[in-house]
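J.: Structure for the following, please:
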Amino acid sequence: MVRQERAEQTRRQLIEAAAAEFDQHGYTRTSLSRVSRSAGVTMGALTFHFPTKGSLADVVCESGVNAVRWAMHRLRPVPSGGPAAVAELTRELGRLLEEETAVRAAVRLAQDDPGEFPDWRAAWLPTLRTLLLDLTGDPPDPGRLAELEKLVVYLLIGAYNDARAPGPRPRLQEVLDRLWNLAFHGVDDALRLAASCHSRSAYGRPQTKTNDRYVG
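T.: Below is the predicted model of the structure:
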């Protein structure tokens, strides 16, 4: 039992270390020797669990995608539905991109080799499409549905890039809140709301400036 627990712990260490390496360096620039050093285990222990880099990347990607699927499964319903529900979905995905290295690694791996690794969007697009049906009328307008879906995808691409950016920055959920407020209420209303907040976010945390540019 002790040996089995130790093996499981080693496997978890390797997955966590590999996720960080794939997130930072991508598939091609990540090596098994770098992962073993980062995890603090021998190459022999690594290859016992994962004989190839591809098998390790598959498990990391699966871990990240499963985290997204689970988050979609337990996503709290928004009473008002509609746009607020779509915004809540993006906030949850923003949280995952910010906090879960395996999720960022899954995105990076799919970008590096789309044919080899599953697209993480498949874990949340079905939920998004269900929510968007409420916004496109009855019967649904396929053109508008596609445009709204693309809007969310583009928004999350930006969130992913922000999550990987070095240096201090506001939390992604706060940034997404402000962007959705802009989309929902328009530029004039959003600016009036920002002015009324007196440099504090909607969640009571100070806004942040980076490189003299407002990003909160």
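
J.: residue ranges of the helices in this structure, please?
T.: Remark: helices assigned in the chain by DSSP state H are 2-25, 32-39, 43-49, 53-73, 82-99, 101-112, 125-132, 142-164, 172-196.

J.: and the angle for the fourth one with helix 101-112?
T.: Pointing back at helix 53-73 there. Following axes from the mean of the first three to the mean of the last three Cα atoms, to 10 degrees, one obtains 120 degrees for the angle between helix 53-73 and helix 101-112.

J.: so how far is helix 53-73 from its chain's centroid?
T.: On the basis of Cα atoms, centre = their mean, to the nearest Å, helix 53-73 is displaced by 12 Å from the centre of the chain it belongs to.

J.: how about that helix: buried residues?
T.: 53, 56-61, 63-65, 67-68, 71-72 (16 or more other Cβ atoms under 10 Å). (C-beta placed from N, C-alpha, C; glycine too.)

J.: how many neighbours does residue 186 have?
T.: Around residue 186 sit 10 other residues, with neighbours defined as other Cβ atoms under 10 Å.

J.: Same list (the buried residues of helix 53-73) but as a markdown table, adding pLDDT and distance to residue 41.
T.: Shown next, in a markdown table, are the buried residues of helix 53-73 (pLDDT from 0 to 100; distance: Cβ to Cβ, whole Å):
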| residue | pLDDT | distance to residue 41 |
| --- | --- | --- |
| 53 | 96 | 15 |
| 56 | 96 | 12 |
| 57 | 97 | 17 |
| 58 | 96 | 19 |
| 59 | 97 | 15 |
| 60 | 97 | 16 |
| 61 | 96 | 21 |
| 63 | 96 | 18 |
| 64 | 97 | 21 |
| 65 | 96 | 25 |
| 67 | 96 | 23 |
| 68 | 97 | 27 |
| 71 | 95 | 29 |
| 72 | 94 | 33 |
